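**Q** take this sequence and fold it.
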Amino acid sequence: MDPLLLQVLAAKQIPSIGDDAMLLQESMVELINSNPKAGWKAALPSRFSNYTIGQFKYMLGMKKIPKDASLSFPVGSHVANSNLPAQFDARTAWPQCSSIGRILDQGHCGSCWAFGAVECLTDRFCIQLDVTISLSVNDILSCCGSSCGDGCKGGWLINAWQYFVQNGVVTEECDPYFDPVGCRHPGCTEVWQTPQCVQKCKSENQVWSDQKHFGVSAFNIQSDPQSIMAEIYTNGPVEAGFAIYQDFPLYESGVYKHVSGKLIGHHAVKLIGWGTTEEGEDYWLAANSWNSGWGDNGFFKIKRGTNECEFEENVVAGMPSPKNLNSALSGGRE
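**A** Model (predicted):
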């Protein structure tokens, strides 16, 4: 089916709805699954069974940086490499790093920008420095303040990586996520507040400053697939931000492409690989932070090579530093 015709059909079948309407629409699922050209399957995920559009929008915490402002940040690039594999999955490339395949749950806080950054840096500590740790989302979410954005109301991706360089980030054991059960409890609402920055480890035997792990760099990645692929292949997972439309939360399997619905906001995820389907469609492989009950066990594929939903223009990363590792690995105990 012609893409333009598909959009016209979608506009006719899916009414425009406001923020107080329910997020999950059976009519949209039927529209996607009845179209053999869609390339992906939709479902009604229990993760969002009682969500309104407005509640879901609150979770989409990627703040976009104006293009002229983004020019002030370093850009990581790679020499063209024709030897990149056709398929790549960081989970199998670095099997000793179990964190790569870990799916987390941001709850109902718009903290995706912090999750994506912390997850990638955690992976890169393992890949680059052979250090197995789990870093704290709560540290950057609560303590970066206006330098990163506005906590649960969203943040800038590159600024999170700058926080790692300038301030470091403690371990998850030291400062666990403030909403440990995710958005599955009665108190989880669209007004969930950013936790306070206390700069004190949960365990009295651990010292905050000794638990800090640092980055040595923070950079944007050139917005072309080859550069993004080379960065992942060489250094590990990267953080990617993209536009979210009404149909994306319905994703269950296949290679996502926007089919129907309005733009809701922008979201950040961990990008771990790429590949091509048997039908010849190129895709990116990413880990989301909506728990393993969403999508394909928490992961999803999205079309590669066409900047689908701006996916290839908002990619950032950084490198881990050995700074303070001796204190951190010794436990930082008094």
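
**Q** and the residue nearest the centre of the protein?
**A** When Cα atoms, centre = their mean is applied to the chain, the residue found nearest the centroid is residue 269 (1.4 Å).

**Q** ok, which stretches of the stretch 201-334 of the chain are helices?
**A** 225-235, 325-329 (DSSP state H, counting those that start in this stretch).

**Q** comparing these by mean pLDDT, which bottoms out?
**A** Mean pLDDT per stretch puts helix 325-329 lowest among the helices of the stretch 201-334 of the chain, at a mean of 73.

**Q** before we move on, the earlier item: just name the most buried of the helices of the stretch 201-334 of the chain.
**A** Most buried of those by mean neighbour count (mean count of other Cβ atoms under 10 Å) is helix 225-235; its value is a mean of 20. The way it works is simple: take the backbone N, C-alpha and C, and place the C-beta from them, glycine included.

**Q** so what's the residue nearest to the centre of the chain bridging to?
**A** Beta-bridge pairing for residue 269 (DSSP bridges): residue 240.

**Q** biggest helix in this structure by residues?
**A** Longest helix in the chain, counting residues (DSSP state H): helix 112-129.

**Q** list the helices and strands the helix or strand just after that helix packs on?
**A** Heading C-terminal from helix 112-129, the first helix or strand you meet, by DSSP states H and E, is helix 137-143. Using 3 or more Cβ pairs under 8 Å, 6 or more residues apart in numbering; DSSP states H and E, the elements in contact with helix 137-143 are helix 112-129, helix 157-166.

**Q** and helix 137-143, what's buried?
**A** For helix 137-143, a neighbour-count test (16 or more other Cβ atoms under 10 Å) marks 137-143 as buried.

**Q** for the residues you listed, give me TSV that also has pLDDT.
**A** Formatted as TSV, the buried residues of helix 137-143 follow (pLDDT from 0 to 100):
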residue	pLDDT
137	97
138	96
139	97
140	97
141	96
142	96
143	97
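
**Q** alpha carbons of stretch 85-94, in CSV - could you do that?
**A** Only the C-alpha atoms of stretch 85-94 are listed here, as CSV (Å, rounded to 0.1, in the frame of the first residue of the first chain):
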residue,chain,number,x,y,z
PRO,A,85,28.8,-6.9,10.0
ALA,A,86,25.4,-7.1,8.5
GLN,A,87,24.0,-8.1,11.9
PHE,A,88,25.2,-7.0,15.3
ASP,A,89,23.9,-7.5,18.8
ALA,A,90,25.9,-6.1,21.7
ARG,A,91,24.5,-8.8,24.0
THR,A,92,26.3,-11.5,22.1
ALA,A,93,29.3,-9.4,21.2
TRP,A,94,30.1,-8.9,24.9
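
**Q** which residues touch it?
**A** For stretch 85-94, contacts defined as Cβ atoms under 8 Å, 6 or more residues apart in numbering pick out 97, 100-101, 123, 126-127, 229, 232-233, 236-237, 272-276, 285.

**Q** can you tell me which of the buried residues of helix 137-143 is nearest residue 210?
**A** The closest of the buried residues of helix 137-143 to residue 210 turns out to be residue 139 (Cβ to Cβ; 13.5 Å).

**Q** residues of stretch 87-103 that come out buried?
**A** In stretch 87-103, counting by 16+ other Cβ under 10 Å, buried: 88-91, 93-94, 97, 99-103.

**Q** kindly apply the preceding question to stretch 263-283 instead.
**A** Residues 264-275, 281-283 are the ones in stretch 263-283 that count as buried (16+ other Cβ under 10 Å).

**Q** how many residues are close by residue 110?
**A** 29 (other Cβ atoms under 10 Å).

**Q** what strand or helix carries it?
**A** Using DSSP H and E, residue 110 sits in no helix or strand.

**Q** which residues touch it?
**A** 58-61, 152-154.

**Q** out of those residues, which are buried?
**A** 58-61, 152, 154.

**Q** which regions of the chain lie under the pLDDT threshold?
**A** Scanning the chain for pLDDT under 70 picks out the ranges 1-17, 68-71, 180-192, 327-334.

**Q** change it to 90
**A** Scanning the chain with the threshold set as pLDDT under 90 gives 1-18, 50, 65-83, 107-108, 178-193, 204, 325-334.

**Q** which residues in it form strands?
**A** All strands of the chain, identified by DSSP state E, fall at 40-42, 75-76, 88-89, 219-221, 238-245, 251-256, 263-276, 282-287, 299-303, 315-317.

**Q** all set now, cheers.
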